[in-house]
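Asker: make a model of this:
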Amino acid sequence: MLLHLLNVITAYRPNKFSKQLKQATKQKHDAIESHPFIASMIDGSLSDFKYAIYLNNLLPIYKAVEMCLFHGMDQDLMQSEKICNDVNAYVNYLNVNIDKPEYIFNNKWLTHFLAKDRFLQKAELYIRWLADMYGGQIIKRNIRFHSKYVFDNLRKDIQVIRSMIEDGLDDTNIDSLIQEVNKAYEYHHELADRINELSDD
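Answerer: Predicted coordinates for the structure are as follows:
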């Protein structure tokens, strides 16, 4: 698996703006990657209940991204249907209601996303789709229901998403996209904080 993932990663050659984007958002990326909630997801210690809450909060974000940015795209890239399937699987497995107001933490994130112009909305592709395609390939080994991280052609899908992000990216807007990626990381960090505070009941 790790060798396969390495081959997938090295198949992509970022342009100078992608390199700048990665460097300028590294601090926020590293902060969320080392968050106790995400760390527990990676090592397999996260409870099914908390992961279900996490997915349920991400679902509206993914639906909004697809509504705004995905038109006639390959079905393999449409993550919301996969997430919905996983949420339903967890709800049935746990026999719980996760649609309670006290479990919904995505309102500010979703409102901010919908208020942005189409170009800046691509920040979510950077922090969510690429996370599924890279780190998600490790996470899925420790998650009970993981169709969210299954791709028919991972190498091609990474290249498509990277191309979508890089399309139109230049000196005039790179700073704005960097700002939005960092903001999206902050919303994701806040979501992780809120869910991590929940009990596992």
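
Asker: give me the three-state assignment for the residue positioned nearest the centre of the chain.
Answerer: For the chain, Arg128 is the residue whose C-alpha lies nearest the centre (C-alpha atoms, centre = their mean; 2.1 Å). Put simply, Arg128 is helix when judged by DSSP: H, G, I helix; E, B strand; the rest coil.

Asker: quick one, what contacts the closest residue to Leu130 other than its chain neighbours?
Answerer: Spatial nearest neighbour of Leu130, chain neighbours left out: Ile161 (6.2 Å); criterion: C-beta to C-beta, 6 or more residues apart in numbering. For every residue, glycine as well, the C-beta is placed using N, CA and C. Ile161 makes contact with Leu77, Leu125, Trp129, Leu130, Met133 under the criterion C-beta atoms under 8 Å, 6 or more residues apart in numbering.

Asker: highest neighbour count among those residues?
Answerer: The residue in the contacts of Ile161 with the most neighbours, by other C-beta atoms under 10 Å, is Trp129 (24 neighbours).

Asker: among the contacts of Ile161, which pair sits farthest apart?
Answerer: Farthest pair in those (C-beta to C-beta) is Leu77 and Leu130. Separation: 11.7 Å.

Asker: in the helix or strand Leu59 falls within, what counts as buried?
Answerer: Assigned by DSSP states H and E, Leu59 falls within helix 48-69. Using 16 or more other C-beta atoms under 10 Å as the test for burial, helix 48-69 gives 48-66, 68-69.

Asker: now do it: distance to the chain's middle.
Answerer: 9 Å (C-alpha atoms, centre = their mean, to the nearest Å).

Asker: mind giving me the packing neighbours of it?
Answerer: helix 36-43, helix 79-94, helix 107-115, helix 174-196 (3 or more C-beta pairs under 8 Å, 6 or more residues apart in numbering; DSSP states H and E).
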